[in-house]
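> Sequence first, predicted coordinates after that:
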Amino acid sequence: MQKIMLIVFALVFCSVSTVFANEDNLTPSGIPYSELEDRVDEYVAQYVGTSTAGANVLIMKDGEIFMSSSYGYANIENQIKVTPDTILEWGSVTKLLVWTSVMQLVEQGKLELNEDIRSYLPAGFLTNVEYNAPITMLNLMHHNAGWEEKYIDLFYKSAHEIKPLEEMLHITNPYQVTEPGSIVAYSNYGVALAAFIVEQLSEQPYYEYVNEHIFSILNMKDTSIHPTQQDHLSIATKRDEVFGYRGSDGELSISKNGRIFIGLYPAGSAMGTIGDLVKFMMALMPADGESSPLFQNNRTLEEMLTTSDFFDNGYPRNAHGFWEGLYAVDVLGHAGNTDSFSSNFIFSKENKLGLIIMTNQQNEVALSYGLPTLLFGEYSPSNKYQTMPNVQNHEENYFWARQPYKGFAKLYGALSTLNIQVTESNRMNAFGVAYEQIAPLLYKSTDDSNDFLHVTLNNGQVEKISTLTSDLMPVSKSSKIFKLLSFLAITFSILYTVIILVISLIQSINNRKNKVPPIILKKWETLLLLANLITVINVTTLFYRALNYTPYAALKLHFWINYAYIIFIAVCIIALLLGWRQIKVTRGLKIRYTLSCVSGLLMVILILGWELYI
């Protein structure tokens, strides 16, 4: 009997050992590591050459490079292939350098995460603060300090337009529009502000700090963070050999901008080889018993990579600036996009497993968000069998918390509202994608992007819907009415202006033929309507130039034209009113002149209402 028990015990032990051995040989998604490289190659082959120009993909396991593969072209036209030595832009992955720098200063006792950041800034540095609540470094890390978004002066076409970081922060100075800690709205300004605090405390330019305290320590010789690569000029030369691409309907085309330069450079201007970037990842996941070269003590690293912000439904959201994704295992990381490059930097501390994707493709999605799911597996909630709240009240128009709230650029936000439609009891459509409720108030996209929406209710009504990096807020009724009236006003003014100008042109031609003397009132009306037309062209040009990275200083001409228009409309209206008192005018012409005045007044109201003058 004893022998039988020993045999049974041995069999059970062997079975359990085999299970654990097999688990060690599987990725979190269940792929055998022996098959992983082939699976990655098969996946990438579906997209390179059609939706993605070129890519470098690297997987790190247990402190070693498990695989590093290059795909496609850095320069399709000249048939230059992507290699491990290709210089690619990090985009917002650069922000992780800022948070690492901050935590180094925290470790040295120079900075407190819960201290009001104004104690580290020059007196009066923040001029557009609306709320009395303190703004902490944690607020900057969590992107909930309350700043509006500023799209102007983020990207430049010329290196000569780049200014020192302090000056760039003054140029892009946003308004604080929400109370700190209340709303998450991804903020490049907030990250650059944190980097400026590093400058203040270290008494050296931020790019010098990073080169000395991160790049040199990790032997990252093929990476630059300076906005014009002055810290590593050979990187700029190698970067010029790489083209960025855009894709549409399976066709790839070179980005029209070639090179762009980032004013708030700590938020996104790093570039380098994937072999250098993995050195940074390795330093974030040192082998057991070893210390990270980035910190004096691993406790600082552990603190940095510990959840510090949660969604309202309890799911982890942010770990001191590192975004927390939902997969089969806990992961941390950051994605990045520039004008024509995309990247993703994502890792699991628990599994000592990391993935880096770098592409020369604008807004690349398939690799950047598909490969993480392939490696880390799909998230499955533990409470998925609970009763799901009704989604019917989610159907509404929403606006991004991350948008401009002041000045002419706030019109961008008005044009980017999102309509959420409920399709089934537990499904809704957003961003052109279907989302399914997989746990109470947690929605997962049904495509391969592994995207999640978190819903916050207040008295049964939707207070906000949160993506990983920004909250969505319901559009108020007053805002809807204002937008509708604005649309009707601009439509009426443009149509009326064009129709009456055409009629006036025809009448003018006929009057010349019949030698009818011109009426002074019609001249003033024509001038008013021409001013309307010029202003529409002026505003259209303003937005076109703004979308093409024109600095704010160069846009001021358009604002002066709008000021001149307002004054000129007032002159025209006064002239028309005085004129028909002195000259006998038919009732029909009075109605026409009145409508012409209304068209001008509506344009003035729109300029003032949408702040198309600042």
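Sure, I can see it.
> all contacts plus neighbour counts: C-alpha atoms, from now on.
Will do.
> Residues touching the one helix or strand residue 96 maps to, excluding its own?
Assigned by DSSP states H and E, residue 96 belongs to helix 95-107. Here helix 95-107 makes contact (Cα atoms under 8 Å, 6 or more residues apart in numbering) with 111-113, 141, 191, 194-195, 198, 210, 213-214, 266-268, 294-296, 300, 304, 320-322, 334.
> I figured residue 205 hits residue 211, correct?
No - using Cα atoms under 8 Å, residue 205 is not in contact with residue 211; the gap is 10.1 Å.
> just checking, what packs against the top strand by length along the chain?
Longest strand of the chain, by residue count under DSSP state E: strand 64-75. Applying 3 or more Cα pairs under 8 Å, 6 or more residues apart in numbering; DSSP states H and E, one finds that strand 64-75 contacts strand 54-61, strand 80-81.
> what residue ranges in the protein score low on pLDDT?
The model of the chain has pLDDT under 70 over residues 1-23, 383-385, 514-518.
> residues in contact with residue 142?
Here residue 142 is in contact with 184, 309, 318, 320, 321 (criterion: Cα under 8 Å, 6+ apart).
> same question, residue 177
130, 146, 147, 148, 405.
> Same check on residue 208?
residue 231.
> three-state assignment of it?
Following DSSP: H, G, I helix; E, B strand; the rest coil, we place residue 208 in the helix state.
> how much space between it and residue 198?
11 Å (Cα to Cα, to the nearest Å).
> The helix holding residue 96: which residues count as buried?
Within helix 95-107, the residues that qualify as buried are 95, 96, 97, 98, 99, 100, 101, 102, 103, 104, 105, 107, counting by 16 or more other Cα atoms under 10 Å.
> domain assignment for this structure?
Residue ranges for the domains of the chain, per automatic domain parsing: 2-30, 34-376, 392-475, 478-609.
> mind listing the strands for the stretch 401-550 of the chain?
Counting by DSSP state E, counting those that start in this stretch, the segments of the stretch 401-550 of the chain that form strands are 418-424, 427-430, 433-439, 442-445, 452-458, 461-466, 471-474.
> name the helices or strands packed onto the fifth one?
Same thing as strand 452-458. Strand 452-458 packs on strand 442-445, strand 461-466, going by 3+ Cα pairs under 8 Å, 6+ apart.
> Turn the ones you listed into CSV, including mean neighbour count.
What follows is these, written out as CSV (neighbours: other Cα atoms under 10 Å):
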stretch, mean neighbour count
strand 442-445, 20
strand 461-466, 19
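> could you dump these to TSV with distance to residue 490?
Listed next are the helices and strands packed on strand 452-458 as TSV, based on distance: least, Cα to Cα, whole Å:
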stretch	distance to residue 490
strand 442-445	37
strand 461-466	31
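> Determine which of those approaches residue 172 most closely.
Between residue 172 and the helices and strands packed on strand 452-458, the tightest spacing by Cα to Cα is seen for strand 461-466, at 25.8 Å.
> And the closest one, what does it pack against?
Contacts defined by 3+ Cα pairs under 8 Å, 6+ apart place strand 461-466 against strand 452-458, strand 471-474.
> what's in contact with the last one?
Among residues not part of strand 471-474, those counted as contacts by Cα under 8 Å, 6+ apart are 183-185, 396-402, 462-466.
> Would you mind finding the most buried of the helices and strands packed on strand 64-75?
A comparison of the helices and strands packed on strand 64-75 by mean neighbour count, using mean count of other Cα atoms under 10 Å, puts strand 54-61 on top with a mean of 23.
> That one to strand 64-75, inter-axis angle?
Between strand 54-61 and strand 64-75, the angle formed by their directions is 180 degrees, by axes from the mean of the first three to the mean of the last three Cα atoms, to 10 degrees.
> can you list contacts of strand 54-61?
48, 65-74, 81-84, 274, 278, 282, 351-361.
> Direction included, what does that strand pair up with?
strand 64-75 (antiparallel), strand 353-359 (antiparallel) (DSSP bridges).
> Quickly compare these and say which is most buried.
strand 353-359 (a mean of 28).
> List of residues touching that strand?
52-62, 88-90, 274, 278, 281, 341-348, 367-368, 372.
> Next, residue 28: phi, psi?
Per-residue torsions, residue 28: phi -60, psi -20 (degrees, to the nearest 10).
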